[in-house]
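S.K.: need a structure here:
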Amino acid sequence: MTRTPADSPASAYDMGHADEAEALATFAVLVDNEPGVLHRVVGLFAARGYNIESLTVAETDRGSGASRITIVTRGTAQVLAQIEAQLQKMVSTRHVHNVTTDPNGAERELALVKVNGAGADRAESLRLAEIFRTRVIDTTRTGFIFEITGAPGKIDKFIGLMRPLGLAEVSRTGVLSIERGVEAS
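M.R.: As a prediction, this is how the structure comes out:
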């Protein structure tokens, strides 16, 4: 039997999970701040064929020697559980937190959005920017650069509304997350 490209899965990731619903998940991973840790985390995803949709990393506190990696990925419930388990097994990992399943989880992102336009489009882009509570960080006679923070879905909606008004460029930080309340994870 000859297989056609349409019959073949795109990657090992696609095998056996075709009928299961995929979901986005955000993992906050506290790791030792040492050389090679980020490489090992990214390598874990690459070796298993998982995609990283957003990745942010920074040192959290110089005194503690820890960095926080926030990873947004997509997969079935089984795949996401496997990712979480694999992250927890890594030697440099101190703590893994699935922010998506935590009712106290907070996720935010920052984006810079450049919009070019004149006349009515220019006025409309300013009106929408005010509704979305953005800041104008640069203005010229032909356009603006807006700074917007919020949930990734809010930023997606703002970008979608700016597209017909002259969207020229977008730069996004990636998702940051934290748990609400006084406890530290």
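S.K.: so how far is stretch 136-147 off the chain centroid?
M.R.: Chain-centre distance of stretch 136-147: 25 Å, with CA atoms, centre = their mean, to the nearest Å.
S.K.: counting neighbours, what do you get for residue 27?
M.R.: 21 (other CB atoms under 10 Å). (Glycine included, C-beta is placed from N, CA and C.)
S.K.: does it lie in a helix or a strand, and which?
M.R.: For residue 27, the host element (DSSP states H and E) is strand 23-32.
S.K.: repeat that for residue 41.
M.R.: Assigned by DSSP H and E, residue 41 falls in helix 37-48.
S.K.: contacts for that helix, please.
M.R.: With contact meaning CB atoms under 8 Å, 6 or more residues apart in numbering, helix 37-48 is reached by 12-13, 29, 31, 51-52, 55, 57, 67, 69, 71, 73, 82-83, 86-87, 90, 92.
S.K.: dump the residue contacts of residue 158.
M.R.: Listed by CB under 8 Å, 6+ apart, the contact set of residue 158 reads 111, 113, 128, 132, 134, 146, 148.
S.K.: give me the buried subset of those residues.
M.R.: By neighbour count, with 16 or more other CB atoms under 10 Å, the contacts of residue 158 hold 111, 113, 128, 132, 134, 146, 148 as buried.
S.K.: inside strands: which ones of those?
M.R.: 111, 113, 146, 148 (DSSP state E).
S.K.: among these, which two are most distant?
M.R.: Pairwise distances across these peak at 8.3 Å for 111 and 146 (criterion: CB to CB).
S.K.: bridged to residue 30, which residues?
M.R.: Assessed by DSSP bridges, residue 30 has beta-bridge partners residue 68, residue 95.
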